[in-house]
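Colleague: how would this look folded up:
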Amino acid sequence: MTVAAVIFSASAEEAATLVDGVARVRHVADAAWSGGAMPVVVVAPDPGGTVAGALSGSAADLVSPTPADADTGPAGLIVAGIEAATASVGETTAAVVWPARMAWIDAGTITALIEAHPGLPAAVLRPTWEGQPGWPALVPLAALDALRALPSGLAPDGLLIGLEEGGVPVRLLDLGDPGATHDVDTPRVELPAYAGPDQPITGHPPDWGSDVAQALPDR
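Modeller: Sure, this is the predicted structure:
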């Protein structure tokens, strides 16, 4: 199974805002790649070329949304990204859907989501922090039609609620990553302590997360 990353931003200004000295989308794209996602797709307007410049030399591909994509809000951006990912890699079975504002996610959280996917191939997977569902969310390709059918203009959390109400299973993973619920409005130095595995994962281990998938509760 191949899991892409779809990073989305509503504006070039948001996408290019500096985080730890680099553009926000570049920071997030590098974390997605380090966590094992491929391909990595960034969906953002880029009238002046600043987003493309920020991504130069990275593993990410930039997709500029059409007016129709933008009119439907986050759903249109996400669908455009997933379609671009599947066109790039035909074996893609899911995408880690990632609002660019959630810049503090550890690469090991992405690895854990990817490793849990084979055990729950039809489910949306969300990391939690202290019981609160967060981002990014792994969305299976099987949910794409349901995503397209949701009302336009829904916020990202509303999209996942809509998928669950429409019958797509949603499973929560307690991965101990405060970045799942703390966006860039929280300075990195003020983040709560990482409470995941003793050694945060930076590679693509063969079995970490498989036991998590087997133990996930129903919701």
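Colleague: In this model residue 177 seems to touch residue 193, though I could be wrong.
Modeller: No. With contact defined as Cβ atoms under 8 Å, residue 193 does not reach residue 177; the gap is 10.6 Å. (Each C-beta comes from the backbone N, C-alpha and C, glycine too.)
Colleague: what about the two, which has more around it?
Modeller: residue 177 (26 against 6; other Cβ atoms under 10 Å).
Colleague: Read off the pLDDT value for that one.
Modeller: According to the prediction, residue 177 has pLDDT 96.
Colleague: That one: what's it in contact with?
Modeller: Residue 177 sits next to 105, 106, 108, 109, 127, 129, 134, 194, 195, 196 when contact means Cβ atoms under 8 Å, 6 or more residues apart in numbering.
Colleague: Also residue 68?
Modeller: Contact partners of residue 68, counting by Cβ under 8 Å, 6+ apart, are residue 76.
Colleague: which parts of the lengthiest helix in the chain are buried?
Modeller: Ranked by number of residues, the top helix in the chain under DSSP state H is helix 74-88. By neighbour count on 16 or more other Cβ atoms under 10 Å, the buried set for helix 74-88 is 74-86.
Colleague: With adjacent residues omitted, what lies nearest to the residue in the chain sticking out farthest from the centre?
Modeller: When each C-alpha in the chain is compared with the mean C-alpha position (Cα atoms, centre = their mean), residue 48 comes out farthest, at 24.9 Å. Computed as Cβ to Cβ, 6 or more residues apart in numbering, the closest residue to residue 48 that is not its neighbour in sequence is residue 12, at 6.5 Å.
Colleague: from memory the one you found sits against residue 44, does it?
Modeller: Yes. Residue 12 is within contact range of residue 44, at 6.1 Å (criterion: Cβ under 8 Å).
Colleague: Residues that sit against both of the two, list them.
Modeller: Residues touching both residue 12 and residue 44 (Cβ under 8 Å, 6+ apart) are residue 51.
Colleague: quick one, which of the two is more surrounded?
Modeller: Between residue 12 and residue 44, residue 44 has the larger neighbour count (other Cβ under 10 Å), namely 28 against 21.
Colleague: Good, wrapping up.
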